[in-house]
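*Asks:* curious how this folds, go ahead:
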Amino acid sequence: MRSILICSFMFYLANANANIEHTPEENSKPSTAEISRNRACFDELAKNGCGDPGENIREFRKCLYDVFPKLTQSCQKLTSDLYRRRN
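*Replies:* Now for the predicted structure:
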């Protein structure tokens with residue numbers, strides 16, 4: 001009886017195909033319009049004196065907080081999604 005349970009459990013594990021972190025939407029590539037809009041946002045931040053977030057993230061966030069009201073609506077959404085405080 002014990003070996004039957006072990007074999008059935010192994011058979012069950014072999015056929016289990018669970019994936020909890022993948023959704024088909026994650027594999028979709030961004031459109032060229034989305035890429036150019038996101039690049040324009042970072043260009044807009046650079047023109048406002050924030051520079052590159054890769055250089056100094058703390059200074060970039062401080063600058064972003066200061067110039068946030070001046071940004072376009074799409075840029076505000078992008079930066080909010082990327083740089084908001086997470087609890």
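
*Asks:* and for residue 78, the neighbour number?
*Replies:* Residues lying near residue 78 (other Cβ atoms under 10 Å) number 19. For the C-beta atoms, the positions are set from N, CA and C on the backbone; glycine is no exception.

*Asks:* let me see the mean pLDDT of the longest helix anywhere in the chain.
*Replies:* Ranked by residue count under DSSP state H, the longest helix found in the chain is helix 32-47. Taken as a whole, helix 32-47 has an average pLDDT of 92.

*Asks:* buried residues in it?
*Replies:* Neighbour-count burial for helix 32-47, counted by 16 or more other Cβ atoms under 10 Å, picks out 41-42, 44-45.

*Asks:* what of stretch 72-87?
*Replies:* Applying a neighbour-count criterion of 16+ other Cβ under 10 Å, one finds 75, 78-79 buried in stretch 72-87.

*Asks:* which ones among those are found in strands?
*Replies:* Here DSSP state E is the test, and these give no hits in strands at all.

*Asks:* just put these in JSON lines and tack on distance to residue 35.
*Replies:* Listed next are the buried residues of stretch 72-87 as JSON lines, based on distance: Cβ to Cβ, whole Å:
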{"residue": "75", "distance to residue 35": "14"}
{"residue": "78", "distance to residue 35": "12"}
{"residue": "79", "distance to residue 35": "16"}
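
*Asks:* just the ones of the residues you listed in helices?
*Replies:* Mapping the buried residues of stretch 72-87 onto helices (DSSP H) picks out 75, 78-79.

*Asks:* ok, so of those, who is nearest residue 1?
*Replies:* Closest approach between those and residue 1, by Cβ to Cβ: residue 78, at 60.0 Å.

*Asks:* list the contacts of the residue lying closest to the closest one once chain neighbours are set aside.
*Replies:* Take residue 78 and drop its neighbours on the chain: the residue closest to it by Cβ to Cβ, 6 or more residues apart in numbering is residue 41, 5.2 Å away. Contacts were defined as Cβ atoms under 8 Å, 6 or more residues apart in numbering; by that measure residue 41 touches 71-72, 74-75, 78-79.
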